[in-house]
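In: Sequence first, predicted model second:
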Amino acid sequence: MDWTLYIYKTVFLLIIVLVTLVVAMYSTYGERKVAAFMQDRRGPNRAGLFGLLQPLADGVKMFMKEEIIPLTANRKLFILGPSIAMLTAMLTGVVIPWGGTITIGGREFSMQIADLNIGILYVFAMVSIGVYGIMIGGWASNNKYALLGSIRAASQMISYELAMGMSIIALILTTGTLSLNDIVVQQHGMHWNVFYQPLGFLIFLICAFAETNRAPFDLPECETELIGGYHTEYSSMKLGFYLFAEYINMFISSAVIATLYFGGYNMPFIDQWGLSPNMLAMLGTFFFFMKIFFLIFLFMWVRWTLPRFRYDQLMNLGWKKLMPLAIFNIVATGAFYYFTELK
Amino acid sequence: MQALTNRSKVVSNKKMSFMERIYLPAIVNGMIITIGHFFRKKATINYPEETREFSKIYRGQHVLKRDEQGRERCTACGLCAVACPAEAITMISAERKPGEEHLYREEKYAEVYEINMLRCIFCGDCEEACPKEAIFLTDRTVASEYERQPFVYGKDILLEPLDSNLRIDISARQTDSVLKFKQNKRFAHNK
């Protein structure tokens, strides 16, 4: 191992963290704008040009607010909750291939921090740990609404993780690899997995909505029933961490969906453009982010269209609809490859 | 049972078809609706910078008019107070002293003229009752206050300024039919 690689990886890691934070910050702004536009309103437009400084103002507000830890709360776990939520949200970005390889002076720099050969499993592991942030936070609050919210969150995320995993198994049957980079490379051109696995994609998308606690699956934090759910007792930046972690999760899961089903950093007609490989890599990253932004918009679009599920409907959909569909998808995919031997 | 209106609907509990049960077409339809609203003209305006246009005959804060020479038109006859359904208007009359002819148009004038803006319902009956064309409602809105007392507007607020540039324009209230009505000889003394 040489030092250039270490330095490059460290710098790239910092860049990814910063980009993630900035995108999540402006997702809050985007969310409010999208919500406003879909309701024939204008949205935030006072702080700076078009209200672009609004996220900064919100951040300052969050930091300035009084920080309250309830007397009856478990102090250590109370602080640990939002930390875990934030940490696991940030960790997933490590395995996502943000772009191709750039060659500078004979050295190859991969735009992926760690090309794990079990990348998909790593993503799942992180998502699963993410539940603990909500669980611990809700339990440590010593508040019945917070506890109810966290129980809902735990059962919802566990239920939907199953269907999500099943949809991924079908995807792995088509790709034959667990490495995210290999999956992206296979989708070169227009061979996007969404065309080979439409049903799997649909299941994965629905589960991604449920995993990120976004509407219509935002039961853990529904304001009307649980006055905020698991973060009822949280204030100041600890609350900010929870809310922020949700937006980071949204960004990361959009990136995962784009990687798995929409060809990652691939773009259509990539070979016909005749550009240098470095240019293509940069352009690929740009396209990747375009896909991510569209998916984030889709998240918001759905949130401001659909009403929230009832709890039994949620469980019904997860266990009785998505699970059998996912299993059917696995069997169908397996049978297809067994009989056609296309692979 | 006989229906009371023809609007009642028979509730049907029919089974949903397959397309309805998978919900996806309905979700897509809903999303088309929301994206349609996304590009629609906004219903809200940037308030302090833009204001909504008032109706031409909007009835807002009152004005006590002066005539061309800057004399108060009001003679404290009390007809507006009688006409007021909310009993918002009170006044105390006084007699014009020699040497005050440039201030008051006729021998009698209102020393105190108060409208309680919390009682006022802005119906415009005072304006209609006034035989001297002294009181009009304008397109100005009554400012908000923290207490009740400031809402009793006296002459200092109601009376229009002497400066001819700062006069309150009430021509919008003088619609064609009003002007035609006022051409009657009986009102010639107001001119």
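Out: Looks like it came in fine.

In: show me where the chain has strands.
Out: Since you didn't name a chain, this refers to chain A. Using DSSP state E, the strands found in chain A span residues A:101-104, A:107-110.

In: not quite, I wanted chain B
Out: Assigned by DSSP E, the strands in chain B fall at B:62-64, B:89-95, B:108-116, B:135-137, B:152-153.

In: Need the contact partners of the longest one.
Out: In other words, strand B:108-116. By CB atoms under 8 Å, 6 or more residues apart in numbering or on different chains, the residues outside strand B:108-116 that reach it are B:62, B:64, B:72, B:74-77, B:88-96, B:103, B:151-155, B:158-159. Any C-beta I mention is one placed from the backbone N, CA and C, and that applies to glycine too.

In: Buried subset of those, written for PyMOL?
Out: Restricted to buried positions by 16 or more other CB atoms under 10 Å in any protein chain shown, the PyMOL selection for these reads:
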select buried, chain B and resi 62+64+72+74+75+76+77+88+89+91+96+151+153+155+158+159
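
In: Of the contacts of strand B:108-116, which ones also sit close to chain A?
Out: Among the contacts of strand B:108-116, no residue is within reach of chain A (CB under 8 Å from any CB of the partner chain).

In: B:Q2: which of the strands of chain B is closest?
Out: strand B:135-137 (50.9 Å; CB to CB).

In: what's next to that closest one, contact-wise?
Out: Under CB under 8 Å, 6+ apart, the answer for strand B:135-137 is B:59-65, B:74, B:80, B:122, B:124, B:126-127, B:168, B:170, B:173.

In: Let's see that with 7 Å instead.
Out: B:59-60, B:62-65, B:74, B:80, B:122, B:124, B:126-127, B:170, B:173 (CB atoms under 7 Å, 6 or more residues apart in numbering or on different chains).

In: In JSON lines, list the strands of chain B along with mean pLDDT.
Out: Output for these, formatted as JSON lines (pLDDT from 0 to 100):
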{"stretch": "strand B:62-64", "mean pLDDT": "91"}
{"stretch": "strand B:89-95", "mean pLDDT": "92"}
{"stretch": "strand B:108-116", "mean pLDDT": "92"}
{"stretch": "strand B:135-137", "mean pLDDT": "90"}
{"stretch": "strand B:152-153", "mean pLDDT": "92"}
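
In: Provide a list of residues in contact with the residue nearest to A:E67 when sequence neighbours are not counted.
Out: Excluding its sequence neighbours, the residue lying closest to A:E67 (CB to CB, 6 or more residues apart in numbering or on different chains) is A:S236, at 4.0 Å. By CB under 7 Å, 6+ apart, the residues touching A:S236 are A:M62, A:K65, A:E66, A:E67.

In: ok, now which ones touch A:L180?
Out: A:V95, A:I96, A:P97, A:G119, A:I120, A:T259.

In: Could you rerun that using 8 Å?
Out: A:V95, A:I96, A:P97, A:Q112, A:D115, A:L116, A:G119, A:I120, A:V123, A:T259, A:L260, A:G264.

In: Likewise for A:L306?
Out: Listed by CB under 8 Å, 6+ apart, the contact set of A:L306 reads A:A215, A:P216, B:I27, B:G30.

In: Phi first, then psi, for it.
Out: The phi and psi torsions at A:L306 (degrees, to the nearest 10) take the values phi -100, psi 140.

In: sorry, back to before: list buried members of the contacts of strand B:135-137 by neighbour count.
Out: For these, buried by 16+ other CB under 10 Å: B:59, B:62-65, B:74, B:80, B:122, B:124, B:126-127, B:170, B:173.

In: count of neighbours near the closest residue to A:G138 other than its chain neighbours?
Out: Nearest non-adjacent residue to A:G138, counting by CB to CB, 6+ apart: A:S150, 2.4 Å away. Other residues near A:S150 come to 28 when the count uses other CB atoms under 10 Å in any protein chain shown.

In: Flag every residue of chain B that's near chain A.
Out: Within reach of chain A by CB under 8 Å from any CB, chain B has these residues: B:27, B:30-31, B:33-35, B:37-44, B:46.

In: Whichever of the residues you listed end up buried, select them in PyMOL.
Out: Typed into PyMOL, the line below selects the buried ones among those, using 16+ other CB under 10 Å:
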select buried, chain B and resi 30+31+34+37+38
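
In: Can you tell me which of the residues of chain B next to chain A end up in helices?
Out: Within the residues of chain B next to chain A, residues falling in helices by DSSP state H are B:I27, B:G30, B:M31, B:I33, B:T34, B:I35, B:H37, B:F38.

In: Just the pLDDT for A:I96.
Out: The confidence metric pLDDT takes the value 85 at A:I96.

In: and it, what is it in contact with?
Out: Here A:I96 is in contact with A:Q112, A:L180, A:I252, A:A255, A:V256, A:T259 (CB under 8 Å, 6+ apart).

In: Of these, which qualify as buried by neighbour count?
Out: Buried subset of the contacts of A:I96 (neighbour count, 16+ other CB under 10 Å): A:Q112, A:L180, A:I252, A:A255, A:V256, A:T259.

In: which secondary element of chain A has the worst mean pLDDT?
Out: Sorting the helices and strands of chain A by mean pLDDT, DSSP states H and E puts helix A:223-226 at the bottom, at a mean of 69.

In: The residue lying closest to A:T88 once chain neighbours are set aside: neighbour count?
Out: Distances taken as CB to CB, 6+ apart put A:G130 closest to A:T88, at 4.3 Å, once the chain neighbours are dropped. For A:G130, the neighbour count with other CB under 10 Å is 25.

In: What distance do you get for A:G130 to chain B?
Out: According to CB to the nearest CB, to the nearest Å, A:G130 and chain B sit 26 Å apart.

In: wait, doesn't that residue sit right on A:M86?
Out: No: A:G130 lies out of contact with A:M86 (CB atoms under 8 Å); the separation is 9.8 Å.
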